[in-house]
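Colleague: Here's my sequence, what's the structure:
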Amino acid sequence: MAFKLIRNGTLIDGRGGDPVESASVLIDGNKIVAVGPEAHVHVPADAEVFDAQGGCILPGFIDTHVHIMFQVENFQKRLTTPFAYNFYKALTYMRNTLNAGITSIRDAGGADVGLKMAVEDGLVEGPRMQVSIEPLTITGGHGDSWMLSGLDMNLRGYPGHPSGVCDGVEEVRKKVREILRAGADVIKVHATGGVLSPTDHPEFTQFSLEELKVMVQEGQYRRGVKVMAHAQGAEGIRNAVLAGIHSIEHGVFIDDETAELMVQHGTYLVPTLLAPVSVLEAAERDDSMPEYGIRKCREVIECHKESVARAYKAGVKIAMGTDAGVMPHGTNLRELGLMCEIGMSPMEAIVATTKVAAECMGWEDKVGTVEVGKLADVIITRTNPLKDIRSLENTNNVVTVFKDGKVVKDIREGVRR
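Modeller: Residues are numbered from 1 along each chain as shown. Presented below is the predicted three-dimensional model:
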């Protein structure tokens, strides 16, 4: 039975327009072939019907900044965990991500092409993904996990996953080529220091403008592969924007000048507001966060909120991203409530995790909205997120998830699967 019909729900199609009550969505294979009020959608006789039970019908959500191979735990556990075991843990992380209604992700470091291929070939269930393989970082910068003891928490690369440490224009050029050779869909760079790195600070600038420009240039040579930049300090953010980098991740210290520059260049901001919140929550809960990370997080958390609010008011394009892995996978949609706290409306937050997120990833022709011709990534929610955006934090309110036309979750009342 190829046809699937979703009916009896309020459609929030991801484009930001008025919701459509008593809507239907018709799926043929992995594509959406009809959308609209029930009376306007012709239903084939052999269609499998999915009753939304008065809930809402939305596009599959997109998280543009996750680490699907990773979830924060204390150092001792990391050091005593066999390398291959991490791939098996990733199966749970991917399942939790799907259960939250997130059907597409951009991995910001950690996942390799093998994991992506396993999902694409149907060996395992997970969100469709773009991978950056390994972020580029300077020696001693964010992403270089060398400790004062001399211990290096990085594996310094393995087949298909080169190390990202590089210094100087020509070394950077070669490293980008290695990352692209390994199959990266997007280039990730640490343009500044960060919170969870042992030897730097979020305001420290990493890489020169010339080094950043080389990264962008090398990506352009490969049919326009984009660069995403972990950038927290003001100077590092400006350098990234001026270099032509596609998206700024975190953006902790955005000033008015930088926000305007981002608007002029069409640069996306991926706020990850949930990341510092989760670091401080973990500090109260257990010993998974290092002291230096907790200290730096307390320094920047309020500035982070103010900066994202400043960027939003200036008109910067905002795509939802969480840094999942810093917090448990599957809790991603807490980000939407935090986005509303800095001034966005619930509809704007939803569009940020659907239409705008798809545009940020260059997938606007595939996903991000419920439209004819798009891939059938569709979810059904029990609650109306326009009335209560935080209701989505409870994954039990995401009752049905279609990815590529296939049902990957269905917990509607009275339905046995």
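Colleague: Export the lowest-mean-pLDDT helix or strand in the chain to CSV, keeping only CA atoms.
Modeller: Across the helices and strands of the chain, the lowest-confidence element by mean pLDDT, DSSP states H and E is helix 75-79, at a mean of 77. In CSV, the C-alpha atoms belonging to helix 75-79 read as follows (Å, rounded to 0.1, in the frame of the first residue of the first chain):
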residue,chain,number,x,y,z
PHE,A,75,36.1,11.7,31.9
GLN,A,76,36.6,8.4,33.7
LYS,A,77,33.8,6.8,31.8
ARG,A,78,34.9,8.1,28.5
LEU,A,79,38.5,6.9,29.1
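Colleague: got the contact list for residue 158?
Modeller: Each residue near residue 158 by C-beta atoms under 8 Å, 6 or more residues apart in numbering is listed here: residue 83. C-beta here means a position set from N, CA and C on the backbone, and glycine is covered the same way.
Colleague: do you know how far it is from residue 133?
Modeller: 11 Å (C-beta to C-beta, to the nearest Å).
Colleague: Equivalent analysis for residue 370, please.
Modeller: Distance from residue 370 to residue 133, by C-beta to C-beta: 32 Å.
Colleague: Now do the helices in the chain.
Modeller: Assigned by DSSP state H, the helices in the chain fall at 75-79, 85-99, 113-120, 169-181, 209-221, 234-243, 256-265, 274-285, 291-314, 334-341, 346-352, 355-360.
Colleague: Which of these comes out lowest on mean pLDDT?
Modeller: Lowest mean pLDDT within these: helix 75-79, a mean of 77.
Colleague: quick one: that one to chain centroid distance?
Modeller: 25 Å (C-alpha atoms, centre = their mean, to the nearest Å).
Colleague: Going forward, count from 747.
Modeller: Will do, 747 is the new start, and the previous item becomes helix 821-825.
Colleague: which secondary structure elements does it contact?
Modeller: Judged by 3 or more C-beta pairs under 8 Å, 6 or more residues apart in numbering; DSSP states H and E, helix 821-825 has no packing partners among the helices and strands.
Colleague: ok, back up a step: which parts of the least confident helix or strand of the chain are buried?
Modeller: Within helix 821-825, no residue counts as buried by 16 or more other C-beta atoms under 10 Å.
Colleague: cool, and stretch 878-886?
Modeller: Across stretch 878-886, burial judged by 16+ other C-beta under 10 Å covers 878-884, 886.
Colleague: for stretch 1099-1114, same thing?
Modeller: Residues of stretch 1099-1114 classed as buried: 1099-1109, 1113-1114 (neighbour count, 16+ other C-beta under 10 Å).
Colleague: Would you point out the most distant pair within the residues you listed?
Modeller: Within the buried residues of stretch 1099-1114, two members stand farthest from each other by C-beta to C-beta: 1099 and 1108, at 16.2 Å.
Colleague: Any stretches of the stretch 797-946 of the chain with poor pLDDT?
Modeller: In the predicted model, the stretch 797-946 of the chain carries pLDDT under 70 at residues 893, 896-902.
Colleague: ok, now which ones touch the residue of the chain most remote from its centre?
Modeller: For the chain, the largest distance from the centre (C-alpha atoms, centre = their mean) belongs to residue 791, which lies 38.6 Å off. When the contact criterion is C-beta under 8 Å, 6+ apart, residue 791 has no partners at all.
Colleague: Show the pLDDT at it.
Modeller: Looking at residue 791, its pLDDT reads 93.
Colleague: Include distance to residue 777 when you put the helices of the chain into JSON lines, please.
Modeller: Shown next, in JSON lines, are the helices of the chain (distance: least, C-beta to C-beta, whole Å):
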{"stretch": "helix 821-825", "distance to residue 777": "42"}
{"stretch": "helix 831-845", "distance to residue 777": "20"}
{"stretch": "helix 859-866", "distance to residue 777": "17"}
{"stretch": "helix 915-927", "distance to residue 777": "31"}
{"stretch": "helix 955-967", "distance to residue 777": "30"}
{"stretch": "helix 980-989", "distance to residue 777": "37"}
{"stretch": "helix 1002-1011", "distance to residue 777": "34"}
{"stretch": "helix 1020-1031", "distance to residue 777": "32"}
{"stretch": "helix 1037-1060", "distance to residue 777": "34"}
{"stretch": "helix 1080-1087", "distance to residue 777": "27"}
{"stretch": "helix 1092-1098", "distance to residue 777": "22"}
{"stretch": "helix 1101-1106", "distance to residue 777": "16"}
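Colleague: Between those, which one is closest to residue 776.
Modeller: Ranking the helices of the chain by proximity to residue 776 (C-beta to C-beta) places helix 859-866 first, at 12.5 Å.
Colleague: so what secondary structure elements neighbour the closest one?
Modeller: For helix 859-866, the packing partners by 3+ C-beta pairs under 8 Å, 6+ apart come out as helix 831-845, strand 874-877.
Colleague: what about the strands in the stretch 747-896 of the chain?
Modeller: Per DSSP state E, counting those that start in this stretch, the stretch 747-896 of the chain carries strands over the ranges 749-757, 766-774, 777-783, 794-797, 802-805, 807-812, 848-853, 874-877.
Colleague: what's the closest of those to residue 982?
Modeller: Across those, residue 982 has its closest neighbour in strand 807-812 (16.6 Å, C-beta to C-beta).
Colleague: show me what contacts residue 1105?
Modeller: By C-beta under 8 Å, 6+ apart, the residues touching residue 1105 are 1063, 1065, 1114.
Colleague: With residue 753 instead?
Modeller: Applying C-beta under 8 Å, 6+ apart, we find residue 753 in contact with 769-771, 784, 795-798.
Colleague: want to throw the residues you listed into a markdown table with neighbour count and distance to residue 826?
Modeller: Listed next are the contacts of residue 753 as a markdown table, based on neighbours: other C-beta atoms under 10 Å; distance: C-beta to C-beta, whole Å:
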| residue | neighbour count | distance to residue 826 |
| --- | --- | --- |
| 769 | 24 | 51 |
| 770 | 25 | 52 |
| 771 | 27 | 48 |
| 784 | 15 | 56 |
| 795 | 12 | 50 |
| 796 | 25 | 45 |
| 797 | 17 | 48 |
| 798 | 23 | 46 |
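Colleague: what's the farthest-apart pair in the residues you listed?
Modeller: Using C-beta to C-beta, the contacts of residue 753 span at most 13.8 Å, a distance reached by 769 and 795.
Colleague: Out of the helices of the chain, flag the one nearest residue 1143.
Modeller: Evaluated with C-beta to C-beta, the helices of the chain place helix 831-845 nearest to residue 1143, the distance being 11.1 Å.
Colleague: Please put the alpha-carbon coordinates of the closest one into PDB.
Modeller: Output of helix 831-845 as PDB, limited to C-alpha atoms (Å, rounded to 0.1, in the frame of the first residue of the first chain):
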ATOM      1  CA  TYR A 831      31.100   1.000  21.800                       C
ATOM      2  CA  ASN A 832      30.400   4.700  20.900                       C
ATOM      3  CA  PHE A 833      28.800   3.700  17.600                       C
ATOM      4  CA  TYR A 834      26.300   1.500  19.400                       C
ATOM      5  CA  LYS A 835      25.400   4.300  21.800                       C
ATOM      6  CA  ALA A 836      24.800   6.500  18.800                       C
ATOM      7  CA  LEU A 837      21.900   4.100  17.800                       C
ATOM      8  CA  THR A 838      20.100   5.200  21.000                       C
ATOM      9  CA  TYR A 839      20.900   8.900  20.400                       C
ATOM     10  CA  MET A 840      19.500   8.700  16.900                       C
ATOM     11  CA  ARG A 841      16.300   6.900  18.100                       C
ATOM     12  CA  ASN A 842      15.800   9.500  20.800                       C
ATOM     13  CA  THR A 843      16.300  12.200  18.100                       C
ATOM     14  CA  LEU A 844      13.600  10.700  15.900                       C
ATOM     15  CA  ASN A 845      11.300  10.300  18.900                       C
END
